[in-house]
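Student: Coordinates for the following, if possible.
(4 chains)
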Protein chains: 2
Amino acid sequence: MIENTPLVRKLGAFVALSDPELLVLASLHKRRRTFVAGWDLVHQGQSDQAAYILASGWACSYKLLEDGQRQIVDFQIPGDFLGLRSVLLHVSDHSIEPVSDIEVTEIHVADLLQAFAQTPRLATAVLWAASRDEAMVVEHLVDVGRRDAAERMAHFLLELGARLALVGLGNKDGYSCPLTQYHLADSLGLSAVHVNRVLRQLREAGMITFRAGFVAFDDYDQLVRFAQFDPSYMDQNGPLLRRLRCALACRQMRPSSIRMTTMIRIVPSTPVPA
Amino acid sequence: MIENTPLVRKLGAFVALSDPELLVLASLHKRRRTFVAGWDLVHQGQSDQAAYILASGWACSYKLLEDGQRQIVDFQIPGDFLGLRSVLLHVSDHSIEPVSDIEVTEIHVADLLQAFAQTPRLATAVLWAASRDEAMVVEHLVDVGRRDAAERMAHFLLELGARLALVGLGNKDGYSCPLTQYHLADSLGLSAVHVNRVLRQLREAGMITFRAGFVAFDDYDQLVRFAQFDPSYMDQNGPLLRRLRCALACRQMRPSSIRMTTMIRIVPSTPVPA
DNA sequence: ATGCTGCGCTGATCCACATCAGTCGTCGCT
DNA sequence: AGCGACGACTGATGTGGATCAGCGCAGCAT
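Tutor: All right, here's what the predicted structure looks like:
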C-alpha cells in the first residue's frame, strides 16, 4: 500500500494495482501547483501546455462560442486528469477553469507513455479511465439532447454524486458541491434563470435539495426513477441484463422519432451477416 | 507502402507510420465481416463483444432512453473504430447501427494492447485518434447545447465533410451521404419535421443542399461563417492564434449567462499560482 | 454605515421548436 | 394494377425554456 490518493482509488475500482505499478504511477507526479478559483489554467487555442492530475478541488472544462455563450463539457473532481487530451492533440480545443481553488500535480506525457510500455496494466487502467470519461461526456450529450430540464438536472446531479462516491467524497445522502447555478446552466444548456426554477421544482417534489454548497438527496430512489438514471457504466459488473432487456423493450415501442423500419427489425438479437 | 486503407490515411494525418508499424497495424485485422443497414451489430447492455474497424459504409452509435427516444452520439465512417470503448469497459453503454450496408474487420483488443507495447508510436497514433473522436463528441455536445437548429445543422454537416475529406471521401464541393432526415434528427436533438424545415432554410439561403444521398456545399465560406465552424481540431497545426484571440475576445463581451466575476478576470493570460 | 458585487430568486412576455395530422412520390412486392 | 412501407415535405397548434427586468441578501471594502 503506497498511497491512497483519489486517482489510486479511482483506478482501483477497475483493477487492483500492484505495488510496483503504484510506484510507477507515483513517479509520474512532478511539481505540485495550486490555482485559484475562476482563473483559467488553460485557454482554448493554447498549445503545448502541461497535463495535470487534480488532487483537491473542482475544475471544469468548457468551450466558448464566438457569440460569448459557453458550454461546460465536463467537471473534473479529485483523481481526474486535466488537459490530457489537449496535450495529445497538441492544442487545447477547450478552456479549463478551476471552480474552487485547486491543487494539482503536473505530469509529463512522455513519462506517461513510457510508463505504459513498462506496465501494460497501468496503460489499460488509464485507458479505462479515459473511456469512462468519454462515456460521461456521452451521457451528458444525451442529457442535453433528449431530456427535459428537470430530468437533465436530476440525472446530472446523480451522475456527479456517483463519481464523487467513487473517490470517497459523497454517498447516497448527498455531497458538498462548490458549483453555482451559473455553472449548472452553462453545463446543462439552460439559462441560469431556468436552472433556478428547476431546482425549486425538484426541491418541492422532495427529491433533491441544492443549497449552500451542498447537494442533498432527499429521496434517492425516487430521483433515480425520475431521471432514468443507470449507474451501470460506473461499475464494471453492473446490472447488464436489465439494460439489455430495456434496450429491447424500447425498440418495441418506439414513437415518431423512429420510423417503422427500425421497429420491425427487433426480433433477431444477433447481427445478421449478409 | 503496405496498404492505403482509410485507417492508414487517417493515422497518417497525425504521424507518418513506418513500414514495420504498418505491418503491425495490418496484422491486427482478423476476420472480415459484413452487416446490413439498419440491423444493430451491438446492443446497449451487451457485454464482451468484439471491436471492429470500419472498412466501408457508415454506422452510428446511439443511446436509447426508456421512453423510446434515442440520441445518436456519433457517426462512424471508413477508418473509424467500432465498439472499442465497449470492449474496454466490458459492456456496451450504447448500440451501434449500420446506416448503410457495411464491411468491417474484426480486431482483438489483446492484440491491440500488445501492439502498443511493441510500437509506442502506434499507441500514440491510436490514442490520438481516440482523442480526436472524443473531441468530436464534445463539439457535438456544444452543437446540441448551445447552437440553434440551423447553426447546429450547418456545423454538423461541415464537420462530417471535414472527417470524410480526411479519408478521401469528400471535398469542399460536398460528399455522398446515406443519412436520412431521421438520422439527422436523432443526432441533433431535433424532430424530423424540424430537420426538414431547417434543411429547406439552408438550401434557400444558398448555403448547402442535402438531397438524394448527397450533401452539396453551395457556398462553403458563407456556411463556415454561419456555423462558426473551426476545423483546427482536425489539423494539428491549425490557426491557433485566431482561436486564442477569439477566446479572449469572447471573455470580454460575455452576456448574461456568465456573471461579472468571470468577465473581469481576463487580463492575466497566464495561470495565477496562489 | 454605506456602498458594491456576486449569487440566488421571481413574474411577465416571447419565440424556437415539438407535436399532430396529414400529403405526395417512389420503390418493391404480390 | 394495387398495396404497403418509407422518406420527404407541409400547415396548424401548443409549449418549454429563453429573455427581460427586476428584488433580497450576504460578504467585503471603503
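
Student: What are the boundaries of the strands in chain A?
Tutor: Secondary structure of chain A (DSSP state E): strands located at A:32-35, A:51-56, A:59-64, A:70-76, A:81-82, A:95-98, A:102-107, A:174-176, A:208-211, A:214-217.

Student: Quick check: buried residues in the fourth one?
Tutor: Read it as strand A:70-76. For strand A:70-76, burial by neighbour count (16 or more other C-beta atoms under 10 Å in any protein chain shown) applies to A:70-76. (Glycine included, C-beta is placed from N, CA and C.)

Student: Let me know the closest of those residues to A:E106.
Tutor: Of all these, A:E106 sits closest to A:Q76, with 15.0 Å by C-beta to C-beta.

Student: number of nearby residues for the closest residue to that closest one other than its chain neighbours?
Tutor: In this structure, A:Q76 finds its nearest non-sequential neighbour in A:A59, 4.5 Å apart by C-beta to C-beta, 6 or more residues apart in numbering or on different chains. Counted with other C-beta atoms under 10 Å in any protein chain shown, residues neighbouring A:A59 total 26.

Student: and if you look at A:D221?
Tutor: Counted with other C-beta under 10 Å, A:D221 comes out at 10.

Student: The one 10 residues further on now?
Tutor: The burial count assigned to A:P231 is 16, neighbours taken as other C-beta under 10 Å.

Student: Please name the nearest non-neighbouring residue to it.
Tutor: For A:P231, the spatially nearest residue (C-beta to C-beta, 6+ apart) is A:A162, at 5.0 Å.

Student: for A:G57, same thing?
Tutor: A:I102 (3.3 Å).

Student: any idea which residue sits dead centre in chain A?
Tutor: What sits nearest the mean C-alpha location of chain A, by C-alpha atoms, centre = their mean, is A:M136, with 4.5 Å.

Student: At which residues are the helices of the stretch 1-150 of chain A located?
Tutor: Using DSSP state H, counting those that start in this stretch, the helices found in the stretch 1-150 of chain A span residues A:6-12, A:19-28, A:84-88, A:109-118, A:120-146, A:149-166.

Student: Among the ones you listed, which comes closest to DNA strand C?
Tutor: helix A:120-146 (9.2 Å; C-beta to the nearest atom of the strand).

Student: does chain B sit close to that closest one?
Tutor: Yes: counting by C-beta under 8 Å from any C-beta of the partner chain, chain B has neighbours in helix A:120-146: A:120, A:123-124, A:127-128, A:130-132, A:134-135, A:137-142, A:144-146.

Student: Just the buried subset of the residues you listed, please.
Tutor: For the residues of helix A:120-146 next to chain B, buried by 16+ other C-beta under 10 Å: A:123-124, A:127-128, A:130-132, A:134-135, A:137-142, A:144-146.

Student: of the residues you listed, list those near DNA strand D.
Tutor: The subset of those within reach of DNA strand D, by C-beta under 7 Å from any atom of the strand, is empty.

Student: ok, the residue of the stretch 51-200 of chain A found nearest DNA strand D - how many residues close by?
Tutor: Closest to DNA strand D within the stretch 51-200 of chain A is A:H194: 2.8 Å, counting by C-beta to the nearest atom of the strand. Residues lying near A:H194 (other C-beta under 10 Å) number 15.

Student: Flag the shaky bits of the stretch 101-250 of chain A, pLDDT-wise.
Tutor: For the stretch 101-250 of chain A, the stretches with pLDDT under 70 are A:232-250.

Student: Is A:C60 in contact with A:T180, as I believe?
Tutor: No: here A:C60 does not reach A:T180: they are 11.0 Å apart, not a contact under C-beta atoms under 8 Å.

Student: neighbour-wise, which of the two wins?
Tutor: A count of neighbours by other C-beta under 10 Å puts A:C60 above the other of A:C60 and A:T180, at 20 against 15.

Student: Spell out which residues of the stretch 101-250 of chain A are next to DNA strand D.
Tutor: Checking the stretch 101-250 of chain A against DNA strand D by C-beta under 7 Å from any atom of the strand, the hits are A:148-150, A:189-191, A:193-194.

Student: Please spell out the PyMOL selection for the buried subset of those.
Tutor: Restricted to buried positions by 16+ other C-beta under 10 Å, the PyMOL selection for these reads:
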select buried, chain A and resi 149+150+189+190+191
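
Student: For the residues of the stretch 101-250 of chain A next to DNA strand D, work out which two are farthest apart.
Tutor: A:D148 and A:V193 (15.9 Å).

Student: Touching, A:P6 and A:Q76? I think so.
Tutor: No: A:P6 lies out of contact with A:Q76 (C-beta under 8 Å); the separation is 10.8 Å.

Student: list the residues that contact both of these two?
Tutor: Common neighbours of A:P6 and A:Q76, using C-beta atoms under 8 Å, 6 or more residues apart in numbering or on different chains, are A:L54.

Student: Residue in the stretch 1-150 of chain A with the shortest distance to DNA strand C?
Tutor: A:G38 (7.5 Å).

Student: Tell me how far that residue lies from A:E97.
Tutor: 7 Å (C-beta to C-beta, to the nearest Å).

Student: Same check on A:V224?
Tutor: Applying C-beta to C-beta to A:V224 and A:E97 gives a distance of 30 Å.

Student: what about the two, which has more around it?
Tutor: A:E97 (23 against 18).

Student: measure that one to B:Y220 for me?
Tutor: A:E97 is 34 Å from B:Y220, by C-beta to C-beta.

Student: for A:Y182, same thing?
Tutor: For A:Y182 relative to B:Y220 (C-beta to C-beta), the value is 36 Å.

Student: And for A:F81?
Tutor: Counting by C-beta to C-beta, the gap from A:F81 to B:Y220 is 36 Å.

Student: ok, the two, which is more surrounded?
Tutor: Each of A:F81 and B:Y220 has its neighbours counted (other C-beta under 10 Å); A:F81 has more, 20 against 17.

Student: Return the set of residues that bridge with the closest residue to that one other than its chain neighbours.
Tutor: Of all residues not flanking A:F81 in the chain, A:I53 sits nearest, at 6.0 Å (C-beta to C-beta, 6+ apart). According to DSSP bridges, the partner residues bridging A:I53 are A:F81, A:T105.

Student: A:I53 and A:R31 touch, don't they?
Tutor: No: using C-beta under 8 Å, A:I53 makes no contact with A:R31, being 11.6 Å away.
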